[in-house]
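A.B. asks: Quick one: sequence plus predicted model below, questions after.
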Amino acid sequence: MSTVADLPQIAECSVDGCSYNTEHACHAGAITIGGASSASCATFIPLSVKGGLDKVVAEVGACHRSDCSHNSHLECGAASVRIGAGPDNVSHPGCLTFESR
């Protein structure tokens, strides 16, 4: 990864309860992947008000999961990322592209 233009896009987000999700597309400027026990979308916000930028499809701005095979220097190197239900299906959506090293 060499520039911001190289950041992977969010190919799909199936988390309807997120304010940034419109028709399975994430419209945050960028998301952060975090989580202590599982890779989760740390940008998730469950509000009834829709947020984000209409003409933007989010990218992965940062990944805190250094145990992911796509992670290099805390940046995601996957071609694209899918976000969906996390392991607990309640608190935070998961990064479905996560692959343990």
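C.D. replies: Cool, the structure landed. Note that this is a predicted model, so its numbers are computed, not measured.

A.B. asks: how about the strands of the chain, start to end?
C.D. replies: 9-13, 21-22, 25-26, 31-34, 40-41, 60-63, 71-72, 75-76, 80-84, 94-95 (DSSP state E).

A.B. asks: What's the mean pLDDT across the third one?
C.D. replies: When you say that, I think you mean strand 25-26. Strand 25-26 comes out with an average pLDDT of 94.

A.B. asks: Show me the contact partners of it.
C.D. replies: Residues outside strand 25-26 that contact it (C-beta atoms under 8 Å, 6 or more residues apart in numbering) are 10, 12-13, 18, 20, 52, 57-58, 83. (Each C-beta comes from the backbone N, C-alpha and C, glycine too.)

A.B. asks: again with the last one
C.D. replies: Contact partners of strand 94-95, identified using C-beta under 8 Å, 6+ apart, comprise 33, 35, 38-41, 65, 68, 81-87.

A.B. asks: One more pass at 10 Å, please.
C.D. replies: Here strand 94-95 makes contact (C-beta atoms under 10 Å, 6 or more residues apart in numbering) with 10, 15, 31, 33-35, 38-42, 44, 60, 63, 65, 68, 70, 76, 78, 81-88.

A.B. asks: same thing with the fifth one?
C.D. replies: The list of residues contacting strand 40-41 from outside it, by C-beta under 10 Å, 6+ apart, reads 10, 13, 15, 18, 20, 26, 28, 31-35, 58, 60, 64-65, 81, 83-84, 86-88, 91-95, 98.
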